[in-house]
Structure formats: C-alpha cells, structure tokens
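K.L.:
Whatever this is, show me its structure:
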Amino acid sequence: MTINPASFLNETVKSIPPSGIRKFFDLVSQTKGVISLGVGEPDFVTPWHIREACYYSLEKGYTTYTSNYGMPELREEICKYLEKFNLEYSPLDEILVTVGVSEGVDLALRALTSPGDEVLIPDPAYVSYAPGVILAGGVPIPLGTYEKDEFKLTAEELKSKITPKTKILVFPFPNNPTGAVMSKEDMEKLVPIILEHNLAVISDEIYCELTYEGEHTSIASLPGMWERTIVLNGFSKAYAMTGWRIGYAAAPEPLISAMMKIHQFTMLCAPIMSQKAALEALRNGEEEMKKMIQSYYKRRNLIVNGLREIGLPCFEPRGSFYVFPNIQSTGLTSEEFAERLLLEEKVAVVPGNAFGASGEGFIRCCYAASIQNINEALERMGRFVKQFR
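P.N.:
Next comes the predicted model:
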C-alpha cells in the first residue's frame, strides 16, 4: 500500500501558500551576478561592541536558559528605552523577550485570537500577518492603503471593514513594504473608532528608529490605548542584528501572561547570548545606530530620486528602509516586472502583490544596500524601463 505523506498534513497549513518573497528568491539563488534590492536586511555588520559583549558572555560561561520572560536586566533596559516613547511598563511581568519580532507576532495573534475572530491588517503589509491569523484560527481582513494617502491607514477605511466579529487591529508602522509612517495626528483619528468597537491592537514597531521626519509615536501612548495594545519591537533593523533573532513584547500583565504561556511551551526562552548582546545594544548602541540611520536617509534620497528620473513614480517613504515605486506605466504586473527585471538586467526586487492585493502595480526595493549597488541597480532598471516608453 502506497501512502502519500501529504495526507497527514493539517488542512489549514496546506491551504496557506508559501511566502511570496521566499518563492521569488528561489529564482534569485539560481541567477549569477544579481544586485539584490530584495531582502529586508541591513548591509551593516552588527557593531563590534555588541558582538564583543556576546564573545565575553561566552567566555564567562553564559550558556544556560534564562527566565521564560528573559533576563531581568534586559527587561529593565527595555522599560527604560520605551520611556522615550511615553510608555511605562513593569519589567517584572509586562515585558516578554522573544525570538525575534516574528515570534512576538505569532504569540500575540495566538494569545488574542479565538476561532472565527476577524483581524484587520493594513494592505500592503509584511507577509507574515495574514498567515499568522489563519494559523491562530482567525480570519484576516485587509485594510487597503493607497499611494494617494501616502499609504496611511485612514479612518474611513478602518470604519468600513469593522463587523461584529472584528476583534484585533494589526498596526505595522513605520510600514514594510511602503515606508509609510502614521503621525500622532493620524493615529488620533483612528483611536475613537478603536475604542468605540473595543478592538485590541498589535502594534509592530520594529522600524520605529528608522523614522526620518519627526518623532516616532507609539499608538499605545495615546489615551485609552495602553490597556488594549501589545507593542512589538526588537533589535534586527536599528542595530543590524537580524541573525541574532531577538525581540520583545510590551503589554499589560494579562496579555503578556497569555503570550508567555505559549512561549514557555514552544520557545522556552530566547538565547542568552543574544540577550546579552541586546543588553549591550540598549546600553551603548545609540551612537552607532544613529550613524546607520543617517546612512539610510542618504540612500533613501538617492534611490527615490533615481527611480523618479528613470520614469517610475515613487512615494517618498517616511520610515523603514524600503521604497515602493509604481510600475503601472510599464503595463506589466508586479510579478512580471520583477521576474523580467531579474532575468534581463539581474536586479532583484520583490513584487508588490507579495504583500497583499493593494500592492499590485508596485515593487518593493530595499535600500539597505551599498550606494555603489544602488547606483548600478538604478542604471540597469533605467535600461529595463526604457523599453516600455
């Protein structure tokens, strides 16, 4: 008797398509000489003093488990850091150190979502949110964001998608892939709607330090929002620590306690070496972080101007390290554009529809690449786009 191993799989898992980003980069791995503007990863190496803190911790024999919540001294530093955003938490039971922000997203969704709950997600947005909702038993509902609104979430769009089943709003700003930022004034238009419908909020603020105009505001700091918001953040982007897989969640004790239940039965704790490095980053990493952010700012200006010059309209992102140019003038779909650009000019970008239906007609370019590579990529893209004029 021949058995198909796939017959054992969970039907929900089978129904979820693979990441549009990773699926596309299977093509990249098969092509030589590619300039990649695809992967959302800093091109900086983690600053030396942070790496050194890890080396020192290993020399001292710090190779054990920590508390499920994370090292007490790290949680204390996280609380101090969050104070600059007018957020106050107890390090004892309102902070949970996670294995990257990705684990934090999963924990938050599973802790809050009951079967059939509707979860609102701005679209386009990071690829993990909707699958995470489905795996938690919920129903993802896209909230369209558009170039004409600078890809901000509007009160009108939020109102239009709320039903009696709506329970959670995912709030990912600064945004991946668009680079959109929600100001305090923008958020204040949403808060009455959130309060009226008693929504919980998962605020993914991993790009908060990469805000180029004005100060980052956390939605949890606005009146009535602290009690209902899980703030997610980490070290990957601002401190160039992607591979360390270290993040955290901050929320009222009942919410963190629920997340911790899942965390302790799955991950147990984040690696102690990464926690030691994160502690050093918070205590002494601001100077290096500011240097990296200044470099991203210059690269943003370079790539935005370059894309416009070659004929691709481009919203100027206010945060993150992504641009989201409009490619509709070429007559190609997002996937067609990305695939042909890769094959014909060996430049890797991500199709906009990988981030949701509202991303169709756009591509995502990550400018956390060297200036030399950005300039070469722009030259190649200019040749490619010219044929469609």
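K.L.:
With adjacent residues omitted, what lies nearest to Leu195?
P.N.:
Using Cβ to Cβ, 6 or more residues apart in numbering and skipping the chain neighbours, the partner closest in space to Leu195 is Gly224 (5.1 Å). Yep, even glycine has a C-beta here, placed from its N, CA and C like the rest.
K.L.:
next one: Lys32
P.N.:
Computed as Cβ to Cβ, 6+ apart, the closest residue to Lys32 that is not its neighbour in sequence is Lys346, at 8.0 Å.
K.L.:
Return the per-residue confidence for Gln328.
P.N.:
Predicted confidence (pLDDT) for Gln328: 97.
K.L.:
just to revisit the earlier point, can you pull the contacts of the residue nearest to Lys32?
P.N.:
Shown in contact with Lys346 (Cβ atoms under 8 Å, 6 or more residues apart in numbering): Thr31, Lys32, Gly33, Val34, Ile35, Arg380.
K.L.:
what comes up buried for the longest helix along the chain?
P.N.:
Looking across the chain with DSSP state H, the single longest helix is helix 286-309. Of the residues in helix 286-309, Glu288, Met289, Met292, Ile293, Ser295, Tyr296, Arg299, Arg300, Ile303, Val304, Gly306, Leu307 count as buried by neighbour count, 16 or more other Cβ atoms under 10 Å.
K.L.:
With stretch 45-63 instead?
P.N.:
In stretch 45-63, counting by 16+ other Cβ under 10 Å, buried: Thr46, Pro47, Ile50, Ala53, Cys54, Ser57.
K.L.:
Verify the stated contact: the fifth one with Lys276.
P.N.:
Pointing back at Cys54 there. Yes - with contact defined as Cβ atoms under 8 Å, Cys54 counts as touching Lys276 (5.9 Å).
K.L.:
Mind checking what helix or strand follows the lowest-mean-pLDDT helix or strand in the chain in sequence?
P.N.:
Every helix and strand in the chain was compared by mean pLDDT, DSSP states H and E; the lowest is helix 20-29, with a mean of 67. Following helix 20-29 in sequence order, the next helix or strand is strand 35-36 (DSSP states H and E).
K.L.:
then the next helix-or-strand element following that next one to CSV, C-alphas only?
P.N.:
Counting by DSSP H and E, the next helix or strand C-terminal to strand 35-36 is helix 48-59. In CSV, the C-alpha atoms belonging to helix 48-59 read as follows (Å, rounded to 0.1, in the frame of the first residue of the first chain):
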residue,chain,number,x,y,z
TRP,A,48,31.7,45.4,17.3
HIS,A,49,30.9,46.3,20.9
ILE,A,50,27.7,44.4,20.6
ARG,A,51,29.5,41.3,19.1
GLU,A,52,32.2,41.7,21.8
ALA,A,53,29.5,41.5,24.5
CYS,A,54,28.4,38.2,23.1
TYR,A,55,32.0,36.9,23.0
TYR,A,56,32.6,38.0,26.6
SER,A,57,29.4,36.3,27.8
LEU,A,58,30.5,33.0,26.2
GLU,A,59,33.9,33.3,27.8
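K.L.:
can you give me the angle helix 48-59 makes with helix 286-309?
P.N.:
Computed by axes from the mean of the first three to the mean of the last three Cα atoms, to 10 degrees, the angle separating helix 48-59 from helix 286-309 equals 130 degrees.
K.L.:
For helix 48-59, name the packing helices and strands.
P.N.:
In terms of contacts (3 or more Cβ pairs under 8 Å, 6 or more residues apart in numbering; DSSP states H and E), helix 48-59 is packed against helix 272-284.
K.L.:
hang on, the earlier thing: against which helices or strands is the longest helix of the chain packed?
P.N.:
Packing partners of helix 286-309 (3+ Cβ pairs under 8 Å, 6+ apart): strand 322-323, helix 371-386.
K.L.:
winner for burial among the ones you listed?
P.N.:
strand 322-323 (a mean of 26; mean count of other Cβ atoms under 10 Å).
K.L.:
Could you give me the buried positions within the helix or strand following it?
P.N.:
Counting by DSSP H and E, the element after strand 322-323 in chain order, helix or strand, is helix 334-345. Residues of helix 334-345 classed as buried by neighbour count (16+ other Cβ under 10 Å): Ser334, Glu335, Phe337, Ala338, Leu341, Leu342, Glu345.
K.L.:
Can I get these in JSON lines including pLDDT?
P.N.:
Putting the buried residues of helix 334-345 into JSON lines (pLDDT from 0 to 100) gives the following:
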{"residue": "Ser334", "pLDDT": "97"}
{"residue": "Glu335", "pLDDT": "94"}
{"residue": "Phe337", "pLDDT": "97"}
{"residue": "Ala338", "pLDDT": "95"}
{"residue": "Leu341", "pLDDT": "96"}
{"residue": "Leu342", "pLDDT": "93"}
{"residue": "Glu345", "pLDDT": "96"}
